[in-house]
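my questions are about this predicted structure, shown below with the sequence.
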Amino acid sequence: FKINMDEIEVEGELGKGNYGSVHKVFHRPTGVMMAMKEIRLELDESKLNGIIMELDILHRAKAPEIVEFFGAFTIESCVYYCMEYMDAGSLDTLTGGGVLAKDLKEEDAENPELRVPEPVLRRITAAVVRGLGFLKDELQIMHRDVKPTNVLINKKGEIKLCDFGVSGQLEKSLAKTNIGCQSYMAPERIKSETVNQNPTYTVSSDVWSVGLSIVELAKGCYPYPPETFANVFAQLTAIVNGAAPTLPKGYSDDANDFVAKCLQKDPNRRPTYGELLQHPFLVADIDAEVDMVGWVAAALERRAERGISSLNPIQAG
Ligand code: ATP
Ligand code: MG
(Lines give C-alpha, C1' and ligand atoms only; values in the text may rest on other atoms or scores of the structure.)
(Ligands and ions follow the chains in the order given, each with its own letter.)
Protein backbone atom coordinates (compact mmCIF):
# COMPACT_ATOMS: atom_id res chain seq x y z
CA PHE A 1 0.00 0.00 0.00
CA LYS A 2 1.00 3.59 -0.52
CA ILE A 3 1.00 6.09 2.32
CA ASN A 4 0.15 9.74 1.97
CA MET A 5 -0.10 12.63 4.38
CA ASP A 6 -3.93 12.88 4.21
CA GLU A 7 -4.24 9.52 5.93
CA ILE A 8 -1.98 10.43 8.82
CA GLU A 9 -2.71 11.88 12.25
CA VAL A 10 0.31 13.29 14.08
CA GLU A 11 0.33 12.27 17.76
CA GLY A 12 3.51 13.90 19.01
CA GLU A 13 7.23 14.33 18.54
CA LEU A 14 9.53 11.39 19.31
CA GLY A 15 12.79 13.17 18.79
CA LYS A 16 14.94 15.40 16.68
CA GLY A 17 18.10 14.56 14.84
CA ASN A 18 20.61 16.49 12.80
CA TYR A 19 18.50 16.35 9.66
CA GLY A 20 14.94 16.57 10.84
CA SER A 21 12.44 15.26 13.29
CA VAL A 22 10.57 12.03 14.00
CA HIS A 23 6.89 12.03 14.95
CA LYS A 24 4.61 9.35 16.27
CA VAL A 25 1.73 9.14 13.81
CA PHE A 26 -1.45 7.14 13.38
CA HIS A 27 -2.14 5.75 9.91
CA ARG A 28 -5.94 5.73 9.66
CA PRO A 29 -6.52 3.24 6.80
CA THR A 30 -4.53 0.49 8.51
CA GLY A 31 -4.97 1.52 12.13
CA VAL A 32 -1.22 1.20 12.60
CA MET A 33 0.83 3.48 14.83
CA MET A 34 3.98 4.52 12.97
CA ALA A 35 7.07 6.67 13.36
CA MET A 36 7.38 9.26 10.60
CA LYS A 37 10.72 10.85 9.90
CA GLU A 38 10.83 14.20 8.16
CA ILE A 39 14.02 15.06 6.31
CA ARG A 40 14.29 18.52 4.83
CA LEU A 41 16.42 18.55 1.70
CA GLU A 42 17.20 21.31 -0.72
CA LEU A 43 16.84 19.17 -3.82
CA ASP A 44 14.86 19.39 -7.04
CA GLU A 45 11.89 17.15 -7.66
CA SER A 46 13.69 14.59 -9.83
CA LYS A 47 16.36 14.04 -7.16
CA LEU A 48 13.68 13.69 -4.47
CA ASN A 49 11.84 11.13 -6.60
CA GLY A 50 15.13 9.30 -7.10
CA ILE A 51 15.46 9.02 -3.33
CA ILE A 52 11.93 7.66 -2.99
CA MET A 53 12.75 5.04 -5.62
CA GLU A 54 15.98 4.07 -3.89
CA LEU A 55 14.14 3.75 -0.57
CA ASP A 56 11.93 1.16 -2.20
CA ILE A 57 14.45 -1.60 -1.56
CA LEU A 58 13.54 -1.15 2.10
CA HIS A 59 10.44 -3.20 1.37
CA ARG A 60 12.85 -6.14 1.10
CA ALA A 61 14.52 -5.32 4.43
CA LYS A 62 12.38 -7.64 6.52
CA ALA A 63 14.14 -9.23 9.47
CA PRO A 64 13.49 -9.46 13.21
CA GLU A 65 16.39 -7.06 13.86
CA ILE A 66 15.37 -4.42 11.32
CA VAL A 67 12.72 -1.74 11.89
CA GLU A 68 9.94 -2.33 9.38
CA PHE A 69 9.56 0.17 6.55
CA PHE A 70 6.03 1.19 5.55
CA GLY A 71 6.62 3.72 2.80
CA ALA A 72 7.97 7.12 1.88
CA PHE A 73 6.67 10.16 0.05
CA THR A 74 7.72 13.76 -0.59
CA ILE A 75 6.02 17.06 0.00
CA GLU A 76 7.74 20.14 -1.33
CA SER A 77 11.42 19.72 -0.38
CA CYS A 78 10.84 17.16 2.38
CA VAL A 79 11.13 13.41 2.36
CA TYR A 80 8.73 11.65 4.73
CA TYR A 81 9.61 8.17 5.74
CA CYS A 82 7.21 5.93 7.67
CA MET A 83 8.48 3.04 9.74
CA GLU A 84 7.53 0.78 12.60
CA TYR A 85 6.97 2.68 15.85
CA MET A 86 9.22 1.37 18.61
CA ASP A 87 7.51 2.20 21.88
CA ALA A 88 10.56 2.25 24.16
CA GLY A 89 12.59 4.54 21.93
CA SER A 90 16.29 4.40 21.17
CA LEU A 91 18.99 2.83 23.32
CA ASP A 92 20.66 6.11 24.20
CA THR A 93 17.67 7.00 26.36
CA LEU A 94 17.64 3.70 28.25
CA THR A 95 21.28 3.47 29.23
CA GLY A 96 22.41 4.53 32.63
CA GLY A 97 19.22 2.74 33.65
CA GLY A 98 17.05 5.25 31.87
CA VAL A 99 19.18 8.25 32.73
CA LEU A 100 19.84 10.22 29.59
CA ALA A 101 23.53 10.12 28.79
CA LYS A 102 23.80 13.88 29.06
CA ASP A 103 22.23 13.85 32.55
CA LEU A 104 24.35 11.01 33.85
CA LYS A 105 26.51 12.11 36.73
CA GLU A 106 29.94 10.80 37.58
CA GLU A 107 28.60 8.85 40.56
CA ASP A 108 25.79 7.35 38.42
CA ALA A 109 28.41 5.86 36.13
CA GLU A 110 29.88 4.07 39.14
CA ASN A 111 26.51 2.80 40.32
CA PRO A 112 26.21 -0.88 39.34
CA GLU A 113 22.44 -0.67 39.64
CA LEU A 114 22.29 1.74 36.75
CA ARG A 115 24.65 -0.27 34.63
CA VAL A 116 23.31 -2.33 31.74
CA PRO A 117 23.65 -5.92 33.02
CA GLU A 118 25.95 -8.06 30.91
CA PRO A 119 23.24 -10.49 29.71
CA VAL A 120 21.20 -7.52 28.46
CA LEU A 121 24.26 -5.96 26.83
CA ARG A 122 24.98 -9.29 25.17
CA ARG A 123 21.46 -9.69 23.85
CA ILE A 124 21.45 -6.17 22.43
CA THR A 125 24.85 -6.71 20.82
CA ALA A 126 23.76 -10.02 19.30
CA ALA A 127 20.68 -8.39 17.75
CA VAL A 128 22.74 -5.52 16.35
CA VAL A 129 25.33 -7.88 14.85
CA ARG A 130 22.65 -10.15 13.34
CA GLY A 131 20.85 -7.11 11.91
CA LEU A 132 24.04 -5.78 10.33
CA GLY A 133 24.85 -9.24 8.98
CA PHE A 134 21.41 -9.40 7.39
CA LEU A 135 21.86 -6.00 5.71
CA LYS A 136 25.21 -7.07 4.33
CA ASP A 137 24.29 -10.58 3.20
CA GLU A 138 20.75 -10.03 1.96
CA LEU A 139 20.82 -6.44 0.73
CA GLN A 140 24.54 -5.93 0.14
CA ILE A 141 24.54 -2.72 2.11
CA MET A 142 26.52 -1.44 5.04
CA HIS A 143 24.73 0.54 7.72
CA ARG A 144 27.03 3.62 7.82
CA ASP A 145 25.38 5.14 10.91
CA VAL A 146 25.54 2.62 13.74
CA LYS A 147 25.04 4.42 17.06
CA PRO A 148 22.74 4.12 20.08
CA THR A 149 20.10 6.51 18.68
CA ASN A 150 19.73 4.21 15.68
CA VAL A 151 19.13 1.08 17.75
CA LEU A 152 15.49 1.01 18.77
CA ILE A 153 13.74 -1.11 21.32
CA ASN A 154 10.14 -1.83 22.24
CA LYS A 155 8.33 -2.99 25.37
CA LYS A 156 8.33 -6.54 24.04
CA GLY A 157 12.11 -6.37 24.38
CA GLU A 158 12.75 -6.50 20.62
CA ILE A 159 15.85 -4.71 19.41
CA LYS A 160 15.95 -3.33 15.88
CA LEU A 161 18.17 -1.20 13.67
CA CYS A 162 17.01 1.86 11.76
CA ASP A 163 18.51 4.61 9.59
CA PHE A 164 20.85 2.51 7.50
CA GLY A 165 22.27 3.79 4.25
CA VAL A 166 20.02 2.42 1.51
CA SER A 167 19.83 5.47 -0.66
CA GLY A 168 23.09 6.74 -2.16
CA GLN A 169 21.42 9.99 -3.17
CA LEU A 170 20.04 10.54 0.33
CA GLU A 171 23.44 9.80 1.90
CA LYS A 172 25.10 12.29 -0.42
CA SER A 173 22.59 15.01 0.35
CA LEU A 174 22.86 14.49 4.10
CA ALA A 175 26.64 14.20 4.23
CA LYS A 176 27.11 17.82 3.24
CA THR A 177 25.30 19.07 6.28
CA ASN A 178 26.57 16.49 8.75
CA ILE A 179 28.70 17.91 11.53
CA GLY A 180 27.86 15.72 14.47
CA CYS A 181 29.32 16.55 17.88
CA GLN A 182 29.73 12.92 18.87
CA SER A 183 31.29 10.79 16.21
CA TYR A 184 30.90 7.03 15.89
CA MET A 185 33.01 6.96 12.75
CA ALA A 186 35.91 4.55 12.55
CA PRO A 187 39.43 6.03 12.38
CA GLU A 188 39.95 4.95 8.76
CA ARG A 189 36.66 6.55 7.79
CA ILE A 190 37.59 9.83 9.43
CA LYS A 191 40.88 9.77 7.56
CA SER A 192 39.26 8.84 4.30
CA GLU A 193 36.62 11.56 4.53
CA THR A 194 38.93 14.33 5.66
CA VAL A 195 42.13 13.55 3.75
CA ASN A 196 41.07 12.12 0.42
CA GLN A 197 37.47 13.37 0.11
CA ASN A 198 36.77 10.04 -1.54
CA PRO A 199 35.39 7.70 1.10
CA THR A 200 37.01 4.30 0.88
CA TYR A 201 35.84 2.74 4.12
CA THR A 202 34.16 -0.66 4.19
CA VAL A 203 31.79 -2.79 6.23
CA SER A 204 34.36 -3.22 9.00
CA SER A 205 33.94 0.49 9.76
CA ASP A 206 30.48 -0.43 11.04
CA VAL A 207 32.12 -2.99 13.35
CA TRP A 208 34.05 -0.14 14.99
CA SER A 209 30.79 1.74 15.54
CA VAL A 210 29.28 -1.39 17.13
CA GLY A 211 32.20 -1.51 19.58
CA LEU A 212 31.87 2.15 20.44
CA SER A 213 28.12 1.86 20.90
CA ILE A 214 28.53 -1.09 23.29
CA VAL A 215 30.97 0.91 25.41
CA GLU A 216 28.52 3.82 25.43
CA LEU A 217 25.68 1.54 26.55
CA ALA A 218 27.79 0.10 29.34
CA LYS A 219 29.11 3.46 30.54
CA GLY A 220 25.88 5.34 30.03
CA CYS A 221 27.63 8.11 28.16
CA TYR A 222 29.61 8.80 25.00
CA PRO A 223 33.01 7.17 25.60
CA TYR A 224 35.35 9.97 24.51
CA PRO A 225 35.96 12.75 27.05
CA PRO A 226 33.47 15.63 27.25
CA GLU A 227 36.26 18.12 26.47
CA THR A 228 36.13 16.83 22.92
CA PHE A 229 32.37 17.45 22.45
CA ALA A 230 32.76 21.11 21.63
CA ASN A 231 35.77 20.64 19.43
CA VAL A 232 35.20 18.38 16.44
CA PHE A 233 38.86 18.38 15.55
CA ALA A 234 39.97 17.31 19.05
CA GLN A 235 37.44 14.52 19.03
CA LEU A 236 38.39 13.17 15.62
CA THR A 237 42.06 13.37 16.62
CA ALA A 238 41.32 11.38 19.78
CA ILE A 239 39.51 8.72 17.74
CA VAL A 240 42.29 8.44 15.17
CA ASN A 241 45.32 8.75 17.47
CA GLY A 242 44.11 8.05 21.01
CA ALA A 243 43.67 4.75 22.79
CA ALA A 244 40.43 2.94 21.98
CA PRO A 245 37.74 3.20 24.69
CA THR A 246 37.13 0.23 26.97
CA LEU A 247 34.24 -1.05 29.07
CA PRO A 248 33.87 0.16 32.65
CA LYS A 249 34.77 -2.25 35.46
CA GLY A 250 32.49 -5.18 36.16
CA TYR A 251 32.15 -6.79 32.74
CA SER A 252 33.58 -10.21 31.87
CA ASP A 253 36.83 -10.93 30.06
CA ASP A 254 34.79 -12.13 27.09
CA ALA A 255 32.93 -8.83 26.94
CA ASN A 256 36.18 -6.89 27.13
CA ASP A 257 37.79 -9.03 24.45
CA PHE A 258 34.77 -8.60 22.16
CA VAL A 259 34.91 -4.82 22.47
CA ALA A 260 38.69 -4.72 22.01
CA LYS A 261 38.38 -6.74 18.78
CA CYS A 262 35.76 -4.35 17.38
CA LEU A 263 37.77 -1.29 18.35
CA GLN A 264 41.03 -2.19 16.64
CA LYS A 265 42.46 0.71 14.70
CA ASP A 266 43.36 -1.49 11.75
CA PRO A 267 40.05 -2.26 9.99
CA ASN A 268 41.47 -5.42 8.46
CA ARG A 269 41.94 -6.93 11.88
CA ARG A 270 38.35 -6.40 13.00
CA PRO A 271 36.20 -9.54 12.94
CA THR A 272 33.45 -10.13 10.38
CA TYR A 273 29.85 -10.44 11.55
CA GLY A 274 30.13 -14.21 11.26
CA GLU A 275 33.19 -14.19 13.50
CA LEU A 276 31.54 -11.86 15.99
CA LEU A 277 28.55 -14.19 16.30
CA GLN A 278 30.94 -17.02 17.15
CA HIS A 279 32.77 -15.01 19.79
CA PRO A 280 32.23 -16.50 23.29
CA PHE A 281 30.56 -13.24 24.37
CA LEU A 282 27.73 -13.78 21.87
CA VAL A 283 27.71 -17.57 21.98
CA ALA A 284 26.79 -17.21 25.65
CA ASP A 285 23.65 -15.33 24.57
CA ILE A 286 22.21 -18.17 22.51
CA ASP A 287 20.61 -20.20 25.29
CA ALA A 288 20.57 -17.51 27.93
CA GLU A 289 17.31 -16.50 29.53
CA VAL A 290 17.28 -12.72 29.60
CA ASP A 291 14.38 -10.71 30.93
CA MET A 292 14.46 -7.97 28.30
CA VAL A 293 10.83 -7.05 28.95
CA GLY A 294 11.62 -6.46 32.63
CA TRP A 295 14.76 -4.50 31.85
CA VAL A 296 12.96 -2.22 29.39
CA ALA A 297 10.09 -1.68 31.83
CA ALA A 298 12.46 -0.78 34.68
CA ALA A 299 14.50 1.56 32.48
CA LEU A 300 11.35 3.31 31.23
CA GLU A 301 10.15 3.70 34.81
CA ARG A 302 13.42 5.32 35.87
CA ARG A 303 13.23 7.55 32.83
CA ALA A 304 9.71 8.60 33.79
CA GLU A 305 10.79 9.27 37.38
CA ARG A 306 13.35 11.67 36.06
CA GLY A 307 10.60 13.42 34.17
CA ILE A 308 11.84 12.48 30.74
CA SER A 309 8.90 11.39 28.69
CA SER A 310 9.35 9.41 25.53
CA LEU A 311 6.81 11.59 23.82
CA ASN A 312 6.46 15.34 23.86
CA PRO A 313 2.82 16.04 23.07
CA ILE A 314 2.38 18.65 20.39
CA GLN A 315 0.73 21.82 21.63
CA ALA A 316 -2.65 22.34 20.02
CA GLY A 317 -2.97 25.34 17.74
P1 ATP B 1 20.98 11.66 13.54
O2 ATP B 1 20.22 12.79 12.99
O3 ATP B 1 22.42 11.98 13.70
O4 ATP B 1 20.73 10.38 12.81
P5 ATP B 1 19.21 10.66 15.57
O6 ATP B 1 19.29 9.23 15.16
O7 ATP B 1 19.07 10.92 17.03
O8 ATP B 1 20.48 11.44 15.06
P9 ATP B 1 16.73 10.82 14.14
O10 ATP B 1 17.06 9.61 13.35
O11 ATP B 1 16.09 11.96 13.44
O12 ATP B 1 18.03 11.40 14.84
O13 ATP B 1 15.79 10.34 15.33
C14 ATP B 1 15.43 11.21 16.37
C15 ATP B 1 14.94 10.40 17.56
O16 ATP B 1 13.65 9.84 17.28
C17 ATP B 1 15.84 9.20 17.87
O18 ATP B 1 16.85 9.58 18.77
C19 ATP B 1 14.86 8.20 18.48
O20 ATP B 1 14.87 8.31 19.89
C21 ATP B 1 13.51 8.59 17.92
N22 ATP B 1 13.06 7.60 16.92
C23 ATP B 1 13.52 7.46 15.67
N24 ATP B 1 12.89 6.49 15.00
C25 ATP B 1 11.99 5.96 15.86
C26 ATP B 1 11.01 4.88 15.78
N27 ATP B 1 10.87 4.16 14.67
N28 ATP B 1 10.28 4.62 16.88
C29 ATP B 1 10.44 5.34 18.01
N30 ATP B 1 11.32 6.36 18.16
C31 ATP B 1 12.09 6.68 17.10
MG1 MG C 1 18.40 8.09 13.71
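Yes, it's here. Numbers count the residues shown, from 1 in each chain. Ligands and ions are numbered 1, 2, ... in the order given.

contact residues of the stretch 1-150 of the chain facing ligand 1?
Counting by Cβ under 6 Å from any ligand atom, the residues of the stretch 1-150 of the chain lying close to ligand 1 are 14-20, 22, 35, 37, 67, 83-86, 89-90, 149-150. Just so you know, the C-beta spots here come from the backbone N, C-alpha and C atoms, and that holds for glycine as well.

going along the chain, name the helices of the protein.
45-55, 95-98, 106-110, 118-139, 168-175, 187-194, 204-219, 232-241, 253-262, 273-277, 280-283, 292-305 (DSSP state H).

tell me which residues of the longest one are tucked away?
By neighbour count, with 16 or more other Cβ atoms under 10 Å as the criterion, the buried positions of helix 118-139 are 118-136, 139.

strands - which of the residues of the stretch 1-150 of the chain next to ligand 1 land there?
When DSSP state E is applied, these are split such that 14, 15, 16, 20, 22, 35, 37, 83, 84 fall in strands.

let's have the residues you listed in CSV, adding neighbour count and pLDDT.
Formatted as CSV, those follow (neighbours: other Cβ atoms under 10 Å; pLDDT from 0 to 100):
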residue, neighbour count, pLDDT
14, 22, 94
15, 18, 92
16, 11, 90
20, 17, 87
22, 21, 97
35, 22, 98
37, 22, 96
83, 22, 97
84, 19, 97
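
residue contacts, the residue lying closest to residue 63 once chain neighbours are set aside?
Leaving out its chain neighbours, the residue that sits closest to residue 63 by Cβ to Cβ, 6 or more residues apart in numbering is residue 134, at 4.5 Å. By Cβ atoms under 8 Å, 6 or more residues apart in numbering, the contact list for residue 134 reads 61, 63, 65, 66.

for the residue in the stretch 101-250 of the chain positioned nearest to ligand 1, what are its contacts?
Across the stretch 101-250 of the chain, no residue is closer to ligand 1 than residue 149, which sits at 3.4 Å (Cβ to the nearest ligand atom). Contacts for residue 149 (Cβ under 8 Å, 6+ apart) come out as 15, 17, 90, 91, 92.
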